[in-house]
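K.L.:
sequence and predicted structure are below.
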Amino acid sequence: AAAAARDLAVALGRTPVAVKDGPGFLVNRVVRSYYLVAPRLAAEGAGTFTELDAALTAQGLPMGPFTLMDFIGLEVNLAITKSIFEGLGRPERLTPHWLQEKLVAMGFKGVKSAAGFYLYLAGKKADENPAAVSLVPFRKRPLEPAAVFARVMEAIRAEAELMVREGVASAADVDTAVLLAMNFPKGPFAW
């Protein structure tokens with residue numbers, strides 16, 4: 001059955017990967033750190049939402065985590081985070097971040113509500129949301145963009161390694177899935 005499914009995917013012009021069933025399957029779980037480390041950095045005063053997004057897009061990532069969460073919908077992204085967190089037995093590394101929880105509780109859903117981490121006018125990003133900015137501390141010493149990228153990618157890589165050790169997917173399939181689903185220039189192992 002697996003071989004037939006793989007052959008069908010290839011015949012349809014798709015790139016299949018083998019993934020063991022589990023919370024978040026592959027991509028949603030491995031890149032969960034993308035959505036968790038960024039708010040942690042903002043809460044530490046390591047940079048503004050714009051600066052942290054820019055530090056990651058400067059490395060070739062197509063969209064920064066705050067912009068991407070706004071695009072997905074903060075409440076949708078938070079529900080996925082909570083589902084994976086609960087499904088994996090509440091590991092500390094995947095604890096939903098209070099900043100996103102607070103914004104969702106305040107009714108900020110991102111692009112669809114015209115406000116999330118950013119404000120949106122006619123669906124276009126305008127500026128950082130002052131209500132979101134007010135929840136994080138004043139920046140005392142922002143991290144250099146390379147350090148921001150290193151922190152985020154280390155967390156993604158660590159989750160990818162854990163998934164391979166657990167037999168969720170091979171390293172090659174993790175890289176392929178992240179490359180294609182997230183449009184990252186490389187997968188976590190290739191980085």
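P.N.:
Here it is on my side, so go on. Residues are numbered from 1 along each chain as shown.

K.L.:
check for me that Leu119 belongs to a strand.
P.N.:
Yes - per DSSP: H, G, I helix; E, B strand; the rest coil, Leu119 lies within a strand segment.

K.L.:
could you find the closest non-adjacent residue to Val17?
P.N.:
Nearest residue to Val17, sequence neighbours excluded (Cβ to Cβ, 6 or more residues apart in numbering): Asp173, at 3.8 Å. Every residue, glycine included, has its C-beta placed from N, CA and C.

K.L.:
repeat for Val27
P.N.:
Per Cβ to Cβ, 6+ apart, closest to Val27 is Ala181, 4.3 Å.

K.L.:
that neighbour and Val19, how far apart?
P.N.:
Taking Cβ to Cβ, to the nearest Å as the measure, Ala181 falls 11 Å from Val19.

K.L.:
give me the three-state assignment for the residue nearest to Val27.
P.N.:
helix.

K.L.:
state the pLDDT value of it.
P.N.:
If you check Ala181, the pLDDT there is 92.

K.L.:
same thing with Lys140?
P.N.:
69.

K.L.:
the residue nearest to Val17 sits in which helix or strand?
P.N.:
helix 171-182 (DSSP states H and E).

K.L.:
re earlier: what number of residues lie near the residue nearest to Val17?
P.N.:
19 (other Cβ atoms under 10 Å).

K.L.:
now do the contacts for it.
P.N.:
17-19, 26 (Cβ atoms under 8 Å, 6 or more residues apart in numbering).
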